[in-house]
Each structure stands twice: as C-alpha cells, then as structure tokens.
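**Q** give the three-dimensional model of this entry:
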Amino acid sequence: MKIHFIAIGGSAMHNLAIAMHQKGFNITGSDDEVVEPSKSRLDKLGLLPPQMGWFPDKLDKSLDAVILGMHARADNPELLKAKELGLKIFSYPEYIYEQCKDKTRIVVGGSHGKTTITAMILHVLNSCGIACDYMVGAQLEGFDAMVKLTETARLAVIEGDEYLSSPIDRRPKFHLYHPHIAILSGIAWDHINVFPTFPDYVEQFRIFITLIEKEGSLVYCENDAEVKQLALASRQDIKKIPYGVPAYTVKDGITFLNASGMEVPLQVFGEHNLMNLNGARLVCNQVGVSDKDFYHAISTFKGAAKRLELVRHADQFNVYKDFAHSPSKLKATTAAVKTQFPDRKLIACMELHTFSSLNEDFLKEYRGAMDSAEEAYVYFNPHTIEHKKLKPITSEQVRLAFGTPGLKVFTNSAELMDMLKKKSLANCNLLLMSSGNFDGVDFKALSDELKP
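**A** Model (predicted):
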C-alpha cells in the first residue's frame with residue numbers, strides 16, 4: 001500500500017504516518033514546515049520530506065490513498081492534484097476508522113479529560129496483557145508512539161476530539177469513529193470559532209451518542225448536567241452507565257482511592273482525575289477487566305504528558321505543567337493542586353493562547369476559574385491575537401473577566417518568567433497552564449532556576 005500525507009508534520013499526522021510505516025506501508029509526505037518532535041521522529045525513519053513545500057508532482061495514480069491534515073488549506077496544490085487524479089482522500093480520523101472498522105472500538109469523548117481517560121484505559125489494558133490498537137493525544141510512558149495500528153488486535157481505543165476533521169471535511173473527528181463503547185467526560189463550551197453558540201457545541205455530543213453502534217454502551221459522567229441530560233434522553237438500545245467521583249482520602253500529599261475495602265495509593269490527584277479514573281474503570285469492565293485488576297494496574301499510572309505533569313520536586317516546593325487552557329480545565333486543575341496540598345500557597349500562571357480564549361466575547365467564561373490560587377497570573381501575546389485576526393483585548397479586560405482578586409496580567413512572557421525567578425517558593429506550588437509554551441519557555445530549565 002502506498003500512502004501520501006499532505007501536512008505530514010502535524011502531531012496526529014506524523015504519528016499516523018509512523019504507525020502505517022511500521023505496519024509495512026510505503027509512506028511519503030509533504031509539509032511547508034516540520035518542527036520538533038515531529039521532525040526528528042520522521043527523520044529517524046526516513047519519512048521526513050527532503051524539501052519543505054508542496055509538490056503536486058509527487059502524486060500519481062499509483063497511490064492507494066492520500067491523507068489530508070488540518071494544517072493544509074482547501075486550495076493546497078497537492079490536494080487539488082489528488083482530486084484531479086481521482087485518488088481516495090481521507091482525513092486522519094477517517095483513515096483511523098478505515099483501519100479499525102473490523103475491531104471493537106472504544107471512543108473517549110468530552111470537552112476535558114479525553115487524553116487522561118484514554119491513557120488510563122491503555123495503561124490498564126497494557127498491564128493486563130490485553131492487546132489493542134490506539135490513538136491518543138499525548139506521549140505516554142511505556143508506549144513508543146501516539147498511534148498504533150495492527151492486523152492482529154481486536155480492540156481499538158481512540159481519543160475522540162470534537163474539532164474539525166480536515167479543511168474539506170467539517171465534521172467533528174469523533175463523529176467518524178462509530179464506537180461500540182463510548183465515554184463522555186463532560187461538556188464545557190470550546191472551539192468558539194467553529195461552534196459559535198453553546199447549543200451548537202452541545203449538539204455535536206448529541207450526534208456522537210447517536211453514532212454509537214447498535215446495542216453498544218455509553219459510560220457518562222452524571223456530575224455533568226449537560227452530559228447526563230443527553231445520556232438520559234438518548235436511544236434505548238444502548239447500555240447507559242453513569243459515574244461520578246469515587247470515595248477517596250488525601251494523606252500527606254498522596255491520594256488514596258477507597259475501593260472494595262482497600263486503600264489504593266495513586267500517583268495522580270484531583271477530583272477531575274478521580275472521575276476520569278472511575279470512567280476508565282467502567283470502560284475496562286466492558287472488555288472484561290475486573291475491578292481488582294483495574295485498581296492494581298491504575299496504582300502505577302503516572303499521568304499523560306502535560307497533564308498535571310511534575311516538572312520539579314524540591315524540598316519546599318513543586319512545579320507542575322498542565323495543558324489546561326479552557327475555563328473548566330483551569331478551574332479543575334487549580335482546585336486539584338490546592339486540595340492535594342492545602343497547606344502550601346498555590347501560584348498559578350496561565351496563557352491565553354487558543355482562538356476561543358483570546359476572543360473578547362468568550363473571556364467572560366473564565367470568571368472565577370483561578371480563584372483556588374493565592375497568586376494568579378495570566379499571560380497573553382498581543383501578536384498572537386493579530387495573527388489569529390481577532391479584535392484586540394486589553395490587560396484590564398482580562399483582569400475584569402477573570403474576576404480573581406489580585407490577579408495580574410502580563411503581555412511579555414520574559415517579564416512574567418523573571419518575576420517568578422525572583423520569588424521565594426518556600427512552601428509553595430507553582431502551576432504553569434497552557435496549550436502552548438508561554439512563547440518558547442523551556443519549563444524544565446525555568447524550574448531549575450527557581451528557588452525556595
């Protein structure tokens with residue numbers, strides 16, 4: 001099989017390219033820019049395009065498929081050539097489904113917690129010796145890649161993103177997977193550039209439920225009012241399995257799960273993660289994993305990359321980084337760190353980086369999102385707003401929108417980092433939250449410069 005990837009350098013795209021290469025397919029690809037870690041990973045396997053740019057002449061009728069990434073535009077020269085030749089064109093979620101259509105598909109959906117729940121399920125299945133294919137949105141400990149597709153595995157675990165599939169396919173990705181077992185973690189408005197109203201956004205999750213295979217299962221968070229309403233109103237031919245926060249205790253900075261008469265020590269924390277864990281347990285039950293085996297395996301789960309990831313542990317302070325960027329994620333993450341370490345001051349920094357977060361009309365959704373922190377800082381880059389062609393916002397607008405007493409706003413990343421380096425972090429935790437990197441900050445290098 002010969003496959004060509006248009007925009008091969010994307011996070012999901014390069015992982016899919018590697019997965020298909022490992023399956024024995026002949027892979028080519030193009031992009032106008034490939035950055036790390038995609039660049040090194042593709043280069044190591046001989047898959048890095050020798051030149052950057054788009055080259056329609058690379059495409060001919062010998063190709064079995066063309067996979068189109070979101071980074072490409074609808075008028076991409078290679079895409080136009082593929083259409084002219086009548087080649088089969090797939091978005092990457094379409095192609096994931098194509099590779100998994102004969103397998104039992106577990107699809108993890110929701111505005112938050114998708115990567116963590118997917119990672120938990122994969123960790124437990126791996127620990128129990130259950131083979132599966134997968135697609136997950138972060139690098140996981142114990143897994144070589146973010147995508148694995150084989151001929152032999154009968155089970156596929158897929159993180160179901162609600163964002164668009166490709167420049168020419170405006171369907172949300174998770175509408176393409178048709179799960180046998182689905183899980184919904186929660187609904188909190190996001191992607192305002194695609195779903196301009198909250199009802200528009202909620203509708204995508206209702207459609208997702210309608211696409212569950214006949215007599216399939218829906219595991220859902222009953223603590224989320226929108227999810228619960230959708231689940232209860234959904235089809236009667238699917239099994240509906242609710243979950244919430246399991247019983248737990250926190251002792252000396254460690255969370256213990258109180259389950260079946262046992263105290264299970266965990267390496268993750270926060271009520272949002274405990275709900276994620278409970279949902280993952282119920283999914284694993286559906287494929288034959290007992291609670292006893294689940295709890296044994298989950299006690300060694302350390303979390304997914306950038307999800308409350310411990311960057312530095314010092315005698316008097318910890319530094320964490322997290323992918324949190326939406327209001328619900330900020331609220332859950334800051335509350336989790338404060339609850340886990342109630343006697344330590346929490347210093348929380350977040351970057352407004354996404355289209356939604358930098359939208360003047362969406363800012364009000366952040367009200368109270370950082371109230372758990374004793375010190376709260378928000379950073380945004382005005383040039384990012386220009387690049388996204390959004391209406392400018394001011395520091396005062398941001399401060400008023402968050403409403404957190406004492407919150408300070410920075411528009412220069414270096415100034416924020418310099419301020420943090422001068423602070424005494426004795427008996428503190430520092431939490432850095434962004435879907436970006438505060439304009440090029442090396443979190444490990446920064447943490448090494450911090451002092452108690």
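
**Q** for the residue of the chain positioned farthest from its centre, give me its contacts.
**A** Going by CA atoms, centre = their mean, the residue of the chain most distant from its centre is Lys61, 36.0 Å out. If you count contacts by CB atoms under 8 Å, 6 or more residues apart in numbering, Lys61 has them with Leu85, Gly86, Leu87. For every residue, glycine as well, the C-beta is placed using N, CA and C.

**Q** that's a strand at it, yeah?
**A** No: Lys61 is assigned coil when assessed by DSSP: H, G, I helix; E, B strand; the rest coil, not a strand.

**Q** that one and Ala82, how far apart?
**A** According to CB to CB, to the nearest Å, Lys61 and Ala82 sit 10 Å apart.

**Q** likewise for Ala414?
**A** With the distance defined as CB to CB, Ala414 ends up 44 Å from Ala82.

**Q** how about the strands of the stretch 1-150 of the chain, start to end?
**A** Along the stretch 1-150 of the chain, counting by DSSP state E, counting those that start in this stretch, strands occupy 2-6, 26-30, 65-68, 89-91, 104-109, 133-135, 147-148.

**Q** average pLDDT across the fifth one?
**A** Read that as strand 104-109. Across strand 104-109, pLDDT averages out at 98.

**Q** within the sheet, what are the partner strands of it, with directions?
**A** strand 155-159 (parallel), strand 181-184 (parallel) (DSSP bridges).

**Q** the shortest one now?
**A** Strand 147-148 has its sheet partners listed here by DSSP bridges as strand 133-135 (antiparallel).

**Q** swap in the second one?
**A** Strand 26-30 has the following sheet partners, assigned by DSSP bridges: strand 2-6 (parallel).

**Q** contacting residues around the residue lying closest to Gly436 once chain neighbours are set aside?
**A** Nearest residue to Gly436 in three dimensions, chain neighbours excluded: His353, at 4.1 Å (CB to CB, 6 or more residues apart in numbering). Neighbouring residues of His353 by CB under 8 Å, 6+ apart: His325, Phe380, Thr384, Ser434, Ser435, Gly436.

**Q** again, but for Val219
**A** Ile181, Ala182, Ile183, Leu184, Ile241, Pro242, Tyr243, Gly279, Leu282, Val283, Gln286 are the contacts of Val219 under CB under 8 Å, 6+ apart.

**Q** that's a helix at it, yeah?
**A** No: counting by three-state DSSP, one finds Val219 to be strand, located in no helix.

**Q** what's across from it in the sheet?
**A** Per DSSP bridges, residues listed as beta-bridge partners of Val219: Ile183, Ile241.

**Q** quick check: closest non-adjacent residue to the residue nearest in space to the middle of the chain.
**A** Closest to where the C-alpha atoms of the chain average out (CA atoms, centre = their mean) is Thr115, at 4.5 Å. Of all residues not flanking Thr115 in the chain, Gly137 sits nearest, at 4.5 Å (CB to CB, 6+ apart).

**Q** so the one you found touches Lys114, yeah?
**A** Yes: here Gly137 reaches Lys114: they are 6.9 Å apart, a contact under CB atoms under 8 Å.

**Q** joint contacts of the two?
**A** By CB under 8 Å, 6+ apart, the residues touching both Gly137 and Lys114 are Glu159, Asp161.

**Q** more crowded one of these two?
**A** Lys114 (27 against 22; other CB atoms under 10 Å).

**Q** name the member of the contacts of His353 with the most neighbours.
**A** Ser434 (23 neighbours).

**Q** which residues sit in contact with that one?
**A** By CB under 8 Å, 6+ apart, the neighbours of Ser434 are Phe323, Ala324, His325, Met350, Glu351, His353.

**Q** which phi and psi does it have?
**A** phi -170, psi 150 (degrees, to the nearest 10).

**Q** measure it to Phe380 for me?
**A** 10 Å.

**Q** who touches both of the two?
**A** Shared contacts of Ser434 and Phe380 (CB under 8 Å, 6+ apart): Glu351, His353.

**Q** on that earlier part again, just say which of the strands paired with strand 104-109 is most tucked in.
**A** Each of these was scored by mean neighbour count; the highest is strand 181-184, a mean of 28, by mean count of other CB atoms under 10 Å.

**Q** related to what we said a few turns ago, dump the strands paired with strand 104-109 to CSV, plus mean pLDDT.
**A** Formatted as CSV, the strands paired with strand 104-109 follow (pLDDT from 0 to 100):
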stretch, mean pLDDT
strand 155-159, 98
strand 181-184, 98
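
**Q** how about JSON lines for those, with distance to Phe341 added?
**A** Formatted as JSON lines, these follow (distance: least, CB to CB, whole Å):
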{"stretch": "strand 155-159", "distance to Phe341": "29"}
{"stretch": "strand 181-184", "distance to Phe341": "29"}
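
**Q** mind checking which of the ones you listed is nearest Ala7?
**A** With CB to CB as the measure, strand 155-159 is the member of the strands paired with strand 104-109 nearest Ala7 (19.3 Å).

**Q** which residues touch the closest one?
**A** By CB under 8 Å, 6+ apart, the list of residues contacting strand 155-159 from outside reads 96, 100, 103-108, 114-115, 118, 121-122, 125, 130-137, 177, 179, 287.
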